[in-house]
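> return a 3D structure for these sequence lines:
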Amino acid sequence: MERQFTNEPVIREKSGFTGRIVGIIFLIVSLTLGGYFYWKYFFTYSNGNRYGLLQKFSHKGNIFKTYEGEMILSSVRGNNNVALASEKFFFSVNKKDVAEKLSNLQGRNVTVHYKEKNGTLAWRGDSKYIVDSVKVE
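Residues are numbered from 1 along each chain as shown. Purely as a prediction, here's the structure:
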């Protein structure tokens, strides 16, 4: 009995089960990572207004130049309207028109509307608080 050899490749049937499992695991991991990335950097955790004295506003950064600000929030006032207890509110600004308004308001009392994110991105600023509007008081 003689064997015949051919140059035709041997075709094996691929198991569809393992391919599906790997695809489903990849899909679950991708959706989980995407959901976490959205929650950490784009989901708005809270929003509100803050009123205080705009103490500092600057345009800074090594690679990504961002607008950063600092307000003094006075919670308790004494005689002659002097602040007794205060805290600082650090924020970032994305919109150029809001940044231009704030740069001219240093030393004045303002109300800012902010959105708080769960994390920071280098091109969005140093703070989790992103100011999107300002009103002079």
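> for whichever helix in the chain runs longest, give the mean pLDDT please.
In the chain, assigned by DSSP state H, the helix with the most residues is helix 16-41. Mean per-residue pLDDT for helix 16-41: 93.
> point out where the protein drops to low pLDDT.
Applying pLDDT under 70 to the chain flags residues 1-15, 75-85.
> give me that answer again for 90
In the prediction, the chain carries residues with pLDDT under 90 at positions 1-19, 74-86, 107, 137.
> which stretches of it form helices?
For the chain, applying DSSP H gives helices covering 16-41, 96-103.
> what's the closest non-adjacent residue to Lys135?
Computed as C-beta to C-beta, 6 or more residues apart in numbering, the closest residue to Lys135 that is not its neighbour in sequence is Thr111, at 4.6 Å. C-betas here are computed from N, CA, C, even on glycine.
> what do you get for Glu137?
Nearest to Glu137 is Asn109, by C-beta to C-beta, 6+ apart, at 4.5 Å.
> hey, what's the one you found bridged with?
On the basis of DSSP bridges, Asn109 takes part in beta bridges with Leu53.
> and it, what does it touch?
Applying C-beta atoms under 8 Å, 6 or more residues apart in numbering to Asn109 gives the contacts 51-54, 136-137.
> tell me the spacing between it and Asn49.
13 Å (C-beta to C-beta, to the nearest Å).
> okay, how far is it across stretch 112-124, tip to tip?
17 Å (C-alpha to C-alpha, to the nearest Å).
> what about the closest residue to Phe43 other than its chain neighbours? Give its phi and psi, please.
Nearest-residue entry for Phe43: Asn118, 6.2 Å, with adjacent residues in sequence omitted and distances by C-beta to C-beta, 6+ apart. When read as degrees, to the nearest 10, the backbone of Asn118 gives phi -80, psi -20.
> tell me how many other residues crowd Asn118.
With neighbours defined by other C-beta atoms under 10 Å, the count for Asn118 comes to 15.
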